[in-house]
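# based on what follows, work out the 3D shape:
(one chain, ligands or ions: 1)
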Amino acid sequence: MERILVIGCSGQIGSELTLALRKIHGNENVFATDIKQPPADILESGPFHVLDVLDYNNLLHFAVRFKITQVYNLAAVLSGNAEKIPMQAWEINMKALMNTLELARDSDAKKLFWPSSIAVFGPTTPRFNTPQLTVMEPNTVYGISKLAGERWGEYYQKRYGIDFRSVRYPGLISYKTEAGGGTTDYAVEIYYEAIRNKKYECFLREDSALPMMFMDDAIAATIKLMNANSSKFSLRSSYNVGGMSFTPKDVAAAIKKHIPEFEITYKPDFRQAIADSWPASIDDQVARKDWGLSDKFNLDSMTELMLTEITKKIG
Ligand code: SER
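Next comes the predicted model:
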C-alpha cells in the first residue's frame, strides 16, 4: 500500500491531483501539505498539514512519521513571478527539489514526481513540434531551474536508484484553482473575464502560440506516468507532453462561439519575451510510446467545459 505526500496541495495542480490520488489510493493514504490553506474539499476529504518543503528536518520527520512512500512535489515559483525575484526563485525552486531528492535517499519515500516545463526550452530550440531531445538554452530563471532540476532528477535516479519521474507540462488550464505568476496564465484568466466582464485585455500578442493542456488530461498523464512500468522508460529526466497549441486569438474565437459579444484587446508586457522564447508546439511521441500518454481535450471541448464550470462557480 502506498502512502503519498503531496507538497503544494493548494496550488493549481495540487488542488486537483490530491483529490484524484485520494480516489485511487484512499483518502487516509494521501497526505496533503502546503504553506497555504487548501480548498475545502481537500481539508474535508483527508489529512492536511502545514509543511514547508524548504525545511528539510521537518520534511524528513514528516515522511518518517507518516511512513511516506511516494512524493508529488509541486512547489514552485512560476515563470513570470520568478523574473521579478530571480535569486529567491532559484533558491526556492532548487531547494524544494533537492530536499525531496535527499528525502528519497534518507527515507522510504523513494518514488518522486516533480513537474518540469516547456520553459526548459529557449530561443535556440526548434519552435514547432519541439522534439524530446534538442537544443536547450532556456533564458528565464524558471526555465534554468527546471532544466537543472531535470538533470538532478536523472542524476539521483542513476546514482542512487531514486525512482524520479517527471513531465514537461505545457501551460495548464483549469477552472478549480487559478494559476499564479505564469506566462500561460492568460489562458485561464481569459475564461474568468469572459464570464465576469465579457472582455479581456491579454498580456500576450494575438499570434503568440504556446503549447497548452487541460488539467484533466494533465492529471491523467501524471497518474499514468507514476503507475507505468519503468522498465519501458527510455529516459529518466523529463518527458515532453504536448497537449494542444493555440494563440490568444484562437481562444477568443472559441469563446465567441458561446459568448458572441466577448471582446479581446492586446497589451503585451514583460511576459511576451518569455513566451517568445518557448516552443509553439511540442512533439510528445516518446511519452506516447514509453508509457501510453494520451489526451482527450481540444480547444473547443475545453472551452465549453471551462465556460460551463466557471459560470457555475462565479456566474
Ligand atoms: N505555466 C508555466 C508558466 O507559465 C510554465 O510551466 O510559468
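
# could you find the closest non-adjacent residue to A89?
Leaving aside its chain neighbours, A89 sits nearest to A82 (3.5 Å; criterion: Cβ to Cβ, 6 or more residues apart in numbering). For glycine as for every other residue, the C-beta is placed from the backbone atoms N, C-alpha and C.

# check the closest residue in space to Y156 that isn't next to it in sequence and give its pLDDT.
When the adjacent residues along the chain are set aside, Y156 lies closest to I162, with 4.3 Å between them (Cβ to Cβ, 6+ apart). At I162, the predicted lDDT confidence score is 98.

# just G315 next, same as before
Taken from the predicted model, the pLDDT recorded for G315 is 75.

# can you give me the distance of it to V188?
Distance, G315 to V188, using Cβ to Cβ, to the nearest Å: 16 Å.

# next: A75.
For A75, the distance to V188 equals 19 Å [Cβ to Cβ].

# over to R168?
Using Cβ to Cβ, we find R168 at a distance of 19 Å from V188.

# state the helix or strand in which the residue of the stretch 151-300 of the chain at minimum distance from the ligand lies.
Proximity of the stretch 151-300 of the chain to the ligand (Cβ to the nearest ligand atom) peaks at G182, 2.8 Å away. Assigning secondary structure by DSSP states H and E places G182 outside every helix and strand.

# quick one: the helices in the stretch 101-250 of the chain, in order.
Secondary structure of the stretch 101-250 of the chain, counting by DSSP state H, counting those that start in this stretch: helices at 141-160, 186-196, 215-227, 248-256.

# can you redo the ones you listed as a markdown table with mean neighbour count and distance to the ligand?
Supplementary listing: the helices of the stretch 101-250 of the chain in a markdown table, determined by neighbours: other Cβ atoms under 10 Å; distance: least, Cβ to the nearest ligand atom, whole Å:
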| stretch | mean neighbour count | distance to the ligand |
| --- | --- | --- |
| helix 141-160 | 20 | 6 |
| helix 186-196 | 20 | 9 |
| helix 215-227 | 19 | 11 |
| helix 248-256 | 20 | 14 |
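
# re the thing from before, what sits against the residue nearest to A89?
Remark: with contacts taken as Cβ atoms under 8 Å, 6 or more residues apart in numbering, A82 is in contact with A89, W90, N93, T140, V141, Y142, S145, G181.

# cutoff 7 Å now
Contacts for A82 (Cβ atoms under 7 Å, 6 or more residues apart in numbering) come out as A89, T140, V141, Y142.
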